[in-house]
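Visitor: from the sequence below, what's the structure:
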Amino acid sequence: MSAAEGPLVVGVDTSTQSTKVLVVDASSGQVVASGQAPHTVTSGAGRESDPRQWWDALRQALDQCGDAAHEAAAVSIGGQQHGLVTLDAQGDPVRPALLWNDVRSAPQARRLVEELGGPKAWAERTGSVPGASFTATKWAWLAEHEPAAVRATAAVRLPHDYLTERLTGQGTTDRGDVSGTGWWASATGSYDEEVLSHIGLDPALLPRVVGPGEVAGTVRERGELPFSKGTLVAAGTGDNAAAALGLGLRPGTAVLSLGTSGTVYAVSTRRPTDPTGTVAGFADARGDWLPLACTLNCTLAVDRVAALLGLDREAVEPGTDVTLLPYLDGERTPDLPHASGLLHGLRHDTTGGQVLQAAYDGAVHSLLGALDLVLDADADRSAPLLLIGGGARGTAWQQTVRRLSGRPVQVPEARELVALGAAAQAAGLLTGEDPAAVARRWDTARGPVLEAVERDEAALARIAGVLSDAAPLLERAPDKHGQGSA
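Guide: The predicted structure is shown next:
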């Protein structure tokens with residue numbers, strides 16, 4: 001490990017599958033130590049995790065960083081969005097957290113939209129039309145199905161809030177993450193009392209919203225983690241807002257993130273209000289906005305198709321007329337919470353590699369379909385797409401995005417951008433800088449640019465046609481045994 005030039009900071013990414021930690025030199029952006037530890041997520045109808053696993057994983061990941069973590073002057077936590085964490089009076093989880101990709105609250109989401117004025121009213125009020133991913137719908141589901149858990153709940157938190165509170169002893173969140181709950185009004189920058197009353201959630205159970213650049217607290221005691229007592233703790237934020245910080249993102253630059261979920265987003269100075277619900281009008285972690293569209297099915301879904309075919313994930317073959325809609329977990333964009341995967345166009349001469357390519361095409365089609373809605377009207381649509389996330393370095397993902405977008409693609413060399421963004425936020429506490437400016441000083445977006453190729457209009461039209469024709473199947477609710485009919 002080379003000598004650091006400036007103070008050290010810690011950035012944390014507590015994601016769906018694991019916790020990753022980076023110890024970063026606040027002056028140069030050099031990563032001086034890193035660690036990672038896994039989580040488990042339930043399968044089946046729901047997607048749940050015990051929040052105490054996240055704490056254990058954070059401890060294990062920090063242990064891997066050695067003495068560098070102990071020297072850190074500030075820490076920040078970026079985390080998976082939307083998850084519902086319910087805590088009792090002692091601060092212990094009442095039940096496992098309901099995660100962002102748990103779609104059991106789809107009926108409650110539809111009811112909430114209808115009962116509080118419809119999609120346009122929701123978009124104007126909160127910036128988003130809530131779907132099954134949003135925390136408000138999960139609370140409504142919990143109240144309907146597990147009222148005893150609701151009665152036992154003394155505090156409601158998001159995943160990153162839970163870890164921040166265990167560090168500081170104070171219940172806090174930030175505007176970026178809270179904007180994905182459905183109970184924070186983006187128009188006023190405050191909790192929406194009418195929404196909270198409607199879903200039966202006492203605002204006293206919610207954390208304080210910390211403003212950009214403010215300190216959330218300090219580490220209360222060393223305890224299980226290597227931080228010294230008094231170490232500064234930043235507000236933290238949701239994973240996408242943290243990645244935007246990690247890229248030093250300026251307004252108008254489009255990001256396509258390929259992870260467990262797929263997202264497209266861009267920073268905007270205008271508050272988004274999309275009544276179609278395709279674009280979530282999130283806040284960013286700085287004071288601007290982060291219009292974003294998210295798909296539930298991205299790298300995991302494509303990897304599952306590859307496993308079913310017995311193929312390596314890169315073993316794609318061109319020349320297919322097969323269409324595969326990889327909605328293995330239902331889908332959010334398009335809004336099809338009950339959907340399952342759909343395969344159309346098989347022939348005797350269809351190869352496994354062509355089916356796998358169709359899975360890539362289906363996943364990327366969903367993301368690109370929302371891209372124009374995410375970008376402001378004056379954004380440069382010929383500029384490179386920033387491709388990030390676990391899939392970004394995969395050749396098949398890169399080539400599929402190029403072919404279906406018709407745009408150049410830039411792949412930043414920096415890895416773990418959520419943790420880097422959290423580190424930049426922590427560094428901003430020490431230097432007084434805008435965290436995005438910190439990341440630009442670190443040159444985190446540097447990376448090769450792949451030239452544009454001609455857009456595959458035929459493939460886009462074929463996928464759109466199958467999606468339209470299959471709508472009755474994809475929209476069908478599960479039968480009484482809980483199985484979808486698609």
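
Visitor: read off the pLDDT value for the residue nearest to Glu144 when sequence neighbours are not counted.
Guide: If the residues on either side of it in the chain are set aside, Glu144 comes closest to Gln108, at 6.9 Å by Cβ to Cβ, 6 or more residues apart in numbering. For the C-beta atoms, the positions are set from N, CA and C on the backbone; glycine is no exception. Looking at Gln108, its pLDDT is 97.

Visitor: show me the shaky parts of this protein.
Guide: Across the chain, residues meeting the criterion (pLDDT under 70) sit at 1-4, 222, 478-486.

Visitor: just the element for the residue of it most remote from its centre, please.
Guide: The outermost residue of the chain, judged against the average C-alpha position, is His348 (39.3 Å), by Cα atoms, centre = their mean. Here His348 sits in a region with no helix or strand, counting by DSSP states H and E.

Visitor: with the one 5 residues further on instead?
Guide: Secondary-structure assignment from DSSP H and E places Gly353 in helix 352-374.

Visitor: what is that helix packed up against?
Guide: Secondary structure elements in contact with helix 352-374, counted by 3 or more Cβ pairs under 8 Å, 6 or more residues apart in numbering; DSSP states H and E, are strand 255-258, strand 262-265, strand 289-295, helix 299-309, strand 323-325, helix 395-405, helix 457-469.

Visitor: how about the fifth one: buried residues?
Guide: By neighbour count on 16 or more other Cβ atoms under 10 Å, the buried set for strand 323-325 is Thr323, Leu324, Leu325.

Visitor: can you check the fourth one too?
Guide: Burial within helix 299-309, assessed by neighbour count using 16+ other Cβ under 10 Å, is assigned to Thr299, Leu300, Ala301, Val302, Arg304, Val305, Ala306.

Visitor: which single one of those is nearest to Glu317?
Guide: Using Cβ to Cβ, Ala306 is the member of the buried residues of helix 299-309 that sits closest to Glu317, with 12.4 Å.

Visitor: against Pro291, how distant is Ala244?
Guide: In this view, Ala244 and Pro291 are 11 Å apart by Cβ to Cβ, to the nearest Å.

Visitor: and His82, how many neighbours?
Guide: The tally of other residues near His82 (other Cβ atoms under 10 Å) stands at 27.

Visitor: that one is in contact with Trp183, isn't it?
Guide: No. With contact taken as Cβ atoms under 8 Å, His82 and Trp183 are classed as non-touching, separated by 11.7 Å.

Visitor: mutual contacts of these two, please.
Guide: With contacts taken as Cβ atoms under 8 Å, 6 or more residues apart in numbering, the residues that reach both His82 and Trp183 are Thr135.

Visitor: work out for me the element the residue lying closest to Asp274 once chain neighbours are set aside sits within.
Guide: Of all residues beyond its chain neighbours, the one nearest Asp274 is Ala123 (5.8 Å), with distances taken as Cβ to Cβ, 6+ apart. Taking DSSP H and E as the criterion, Ala123 maps to helix 119-126.

Visitor: and stretch 209-217, what's buried?
Guide: Under 16+ other Cβ under 10 Å, the buried positions of stretch 209-217 are Val209, Val210, Pro212, Gly213, Ala216, Gly217.

Visitor: quick one: the strands in the stretch 51-200 of the chain, in order.
Guide: Listed in chain order, the strands of the stretch 51-200 of the chain (DSSP state E, counting those that start in this stretch) span residues 74-79, 85-87, 97-98, 155-157, 172-174, 184-185, 190-191.

Visitor: closest to Ala424 out of those strands?
Guide: For the strands of the stretch 51-200 of the chain, distance to Ala424 was read as Cβ to Cβ. The smallest value, 8.3 Å, belongs to strand 74-79.
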